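# Let's see this in three dimensions:
(chains A and B)
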Amino acid sequence: MVYEILVGDKASGKAGGKTDGKPYRLELGKVGDRWECRLDGRTVDVDAIIPRPDVLSLLIDGRAYEIKREQTATDLHLWVGSARFAVELRDPRSLRSRQKSAGDEKGPRKILAPMPGRVVRLLVAENSEVEAGQGIVVVEAMKMQNEIKSPKKGIVKKISATAGAAVNPGDVLAIVE
Amino acid sequence: MFKKILVANRGEIAVRVIRACREMGISTVAVYSDVDRAALHVRESDEAYHIGPAPAAESYLRIDRILDVAKRSGAEAIHPGYGFLSENPKFARGCADAGVKFIGPTPHSMNLMGSKTSARQQMEKAGIPFVPGTSRGLASAAEGEQVAERVGYPVMLKAAAGGGGKGMRLVHTRQELRSALESAQSEAQRSFGDSEVYVEKAIVNPRHIEMQVLADEHGNTVWLGERECSIQRRHQKVLEEAPSPIVDPDMRRRMGEVAVKVAQAANYTNAGTIEFLVDQQKNFYFLEMNTRLQVEHPVTELTTGLDLVHLQIRIAAGEKLPFVQSDIAIRGHAIECRIYAEDPDNNYFPSPGKITLLLEPSGPGIRRDSGMYEGWSVPMDYDPLLAKLIGYGSDRPQAIMRLERALDEYFVAGIKTNISLFQRILGDADFRAGKLDTGYLDRLSAKTTPAAASLSPDEIKELEKIAAIAAGMFAVLAPSSSANQNGNAASDSAIPAASSSNWKQKGRSEALR
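Residues are numbered from 1 along each chain as shown, chains lettered A, B, ... in the order given. All right, here's what the predicted structure looks like:
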């Protein structure tokens, strides 16, 4: 198995490259009941078990780490201690992931509901132009209203949210192209 | 003693009361709304009855339905918890009329303390120190200006029926007073249906310290020590501790004696809390009385060794207090963190949703009162309080150490919580020095140093590598997160490369090109 892995910082919440902008290259091969692990070409001695779902116990050169996995509607986060990293994992052989990595800013982007709630109102109409960061819909949860913003500048291709409707996390609210 | 008690609440406090009942051999009746069928309090109680749709006004605030459940189930008493109907004199009256014992004060005491002006009038008669100002609603802006001249600016305008910061205005100069009064009155009218507004001297950056009292129905009233509640955000308490870092035994005794006087002036029975504002010279002023069990009661329980819910139930059953004032001793130090479903990185926005992973702390000196569990969906309809984590130690530094350790063990995935905020507070130099007032949290937020910033760039780089290795190991050992299996995750992530075909298919079907 070969993966390209983008690890982002806690602040942005988005997966990004290393300081040099490149993804980590991780090679994993099964040898007996152990995994042989090479990170950017360097062999690392890793012992890994999953003691319970979404929890990984790693022993690396005798040092113990507990990593927790959180899959949200939009991102994959891994927690190492109390530090959270946004992580994106790619199989370099897969065409789709290469396309995706190339066109992050181009092409249509889905705007997803980040939490369960009720759509209070729509702030833009279909086919209108929006700036990055401009509010698209307002979703209410726990008596507070949250403006869901456009991730990019573009045209609102489609609005699937309707005022008054309940939404679940991951539901597509609108598409901006 | 009662054989059966109805708990007219939800969440962690309902579970807390149910546990006390079980300890005392009393059977319990829970009530729940449409969205709370799977809530922990329903699972933990002996009986449970549906009382309506999700909005509280149609379920947890419906006096008729709750009294109907009491009648149907044969409950002899009702514990109201905090919030909802706990300070509603109509509910207490309704219980009395229905022949069910309300575990709390009489409707008369509640009425007296419910209005801030009538409470001030009562305190004036009893000779209790309160913040200088009027104890009646202002008849005109001219009267407000006169009083403000007398007590000195800045002054605070407050709604008599107020709470939660509504109908409150800080006024710095005479010029601002008239328009501030008008807007406070109209906000009070809109929020509480009562436009009465009074004026008092504004105490700048006060501490908020409160005193717990207990009174039985035989005329015995005792105080159980103070709680420091200065760490607040938008008038909402976030962290409380007992004892207060600035209260010495003499001040504690003086505050306690005033609190007992307040309770006696209101003919108060059961558990209650007297809130004080404390200025920089440690003068304390009566602010208001909360006629219920408080969210933060556990810090008093840990430092006195008493169980306040047991005592509430015993008092309501007509028993005498089993101790006198001189038996009460304060021992050690306790700090409570209120774990809310909210996002500290996004302006504390509420974060309901499904809890996909929950790792909970325990061990020496740790108490956890919780209403959540892994797999449960936090509904979007109520207060975002999920749980309370309380640390106890023989002194304040040890309580802090234990809490920091426990917060490191605490992990909630699927929703956002404010756990990281407490890691910041507990590590902050001002907090450790006990330098607290109601402006503390705003000042802390202004220091833009998130918890992870304590790591050096090299350390972060090391952790990044660990995260990269972990991402690969997760992919080969357990490709699908439990959150994905529940079908509520989007397919935009590139994880499908290593995961099941089911997942890939969902990804393709949702792909836009």
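# Now the element after the worst-scoring helix or strand of chain A on mean pLDDT, going C-ward?
Within chain A, judged by mean pLDDT, DSSP states H and E, the helix or strand with the poorest mean is helix A:95-102; its value is a mean of 48. Per DSSP states H and E, the first helix or strand lying C-terminal to helix A:95-102 is strand A:109-112.
# at contact distance from chain B, anything in that next one?
Yes: Strand A:109-112 is in contact with chain B by Cβ under 8 Å from any Cβ of the partner chain, via A:110, A:112. All C-beta atoms are positioned from the backbone trio N, CA, C, and that covers glycine.
# Using CSV, list the CA coordinates for that strand.
Only the C-alpha atoms of strand A:109-112 are listed here, as CSV (Å, rounded to 0.1, in the frame of the first residue of the first chain):
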residue,chain,number,x,y,z
ARG,A,109,-18.2,22.7,-4.7
LYS,A,110,-20.9,21.3,-2.5
ILE,A,111,-21.9,23.2,0.5
LEU,A,112,-22.8,20.7,3.2
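# That one: partners in the sheet, and parallel or antiparallel?
strand A:172-176 (antiparallel) (DSSP bridges).
# Okay, buried residues for stretch A:119-132 please.
A:119-120, A:122-124, A:130 (16 or more other Cβ atoms under 10 Å in any protein chain shown).
# Which of those sits closest to residue B:160?
Among the buried residues of stretch A:119-132, residue A:120 lies closest to residue B:160 (Cβ to Cβ), at 32.2 Å.
# in a helix, that's where the closest one is, yeah?
No: under DSSP: H, G, I helix; E, B strand; the rest coil, residue A:120 falls outside any helix and is assigned strand.
# How is chain A partitioned into domains?
Listed by automatic domain parsing, the domain ranges of chain A are A:2-102, A:109-176.
# Quick one: mean pLDDT for the last one?
Just to be clear, that refers to domain A:109-176. For domain A:109-176, mean pLDDT is 86.
# Which parts of the stretch 101-250 of chain B are helices?
Listed in chain order, the helices found in the stretch 101-250 of chain B under DSSP state H, counting those that start in this stretch are B:107-114, B:116-126, B:141-151, B:174-192, B:249-265.
# for these, which one sits closest to residue A:85?
So among those, helix B:174-192 is nearest, using Cβ to Cβ, at 43.6 Å.
# Of all residues in chain A, which one is nearest the centre?
For chain A, the residue nearest the mean C-alpha position is residue A:75 (2.2 Å; Cα atoms, centre = their mean).
# That one touches residue A:86, doesn't it?
Yes: using Cβ atoms under 8 Å as the test, residue A:75 is close enough to residue A:86 to be in contact (5.4 Å).
# which residue packs closest to residue B:189, ignoring adjacent ones?
residue B:195 (4.0 Å; Cβ to Cβ, 6 or more residues apart in numbering or on different chains).
# thinking again about what came up before, and residue B:394, which of the domains of chain A is closest to it?
Evaluated over the domains of chain A, closeness to residue B:394 peaks at domain A:2-102, with 26.3 Å, by Cβ to Cβ.
# now that closest one, how far from the chain's geometric center?
13 Å (Cα atoms, centre = their mean, to the nearest Å).
# ok, now stretch B:181-198?
25 Å.
# Next, give phi and psi for the nearest residue to residue B:329 once chain neighbours are set aside.
In space, and not counting its chain neighbours, residue B:329 is closest to residue B:304: 7.4 Å by Cβ to Cβ, 6+ apart. Note on residue B:304: backbone dihedrals following degrees, to the nearest 10 are phi -110, psi -20.
# before we move on, what about residue B:283?
Dihedral angles of residue B:283 (phi, psi; degrees, to the nearest 10) stand at phi -70, psi 140.
# and it, how many residues sit next to it?
Using other Cβ atoms under 10 Å in any protein chain shown, residue B:283 has 13 neighbouring residues.
# Next one: residue B:116 from chain A, what distance?
Using Cβ to the nearest Cβ, to the nearest Å, we find residue B:116 at a distance of 24 Å from chain A.
# give me the number of residues near that residue?
24.
# confidence score at it?
84.
# One more: residue B:235?
Per-residue confidence at residue B:235 stands at 80 (pLDDT).
# Please tell me I have it right and it contacts residue B:167.
No: Residue B:235 is beyond contact range of residue B:167, at 11.8 Å (criterion: Cβ under 8 Å).
# More neighbours: these two, which one.
Neighbour tally, residue B:235 and residue B:167, criterion other Cβ under 10 Å: the higher count belongs to residue B:167, 26 against 12.
# Setting aside sequence neighbours, what's the nearest residue to the more buried one?
Spatial nearest neighbour of residue B:167, excluding adjacent residues (Cβ to Cβ, 6+ apart): residue B:159 at 2.8 Å.
# need the contact list for the residue nearest to residue B:189.
By Cβ atoms under 8 Å, 6 or more residues apart in numbering or on different chains, the contact set of residue B:195 is B:159, B:185-186, B:188-189.
# hang on, the earlier thing: quickly note the distance from the residue nearest to residue B:329 to chain A.
33 Å.
# Count the residues that sit near that residue.
Residue B:304 - counted by other Cβ under 10 Å - has 21 other residues nearby.
# tally of neighbours for the nearest residue to residue A:74 once chain neighbours are set aside?
Nearest-residue entry for residue A:74: residue A:112, 5.5 Å, with adjacent residues in sequence omitted and distances by Cβ to Cβ, 6+ apart. For residue A:112, the count of nearby residues is 21 (other Cβ under 10 Å).
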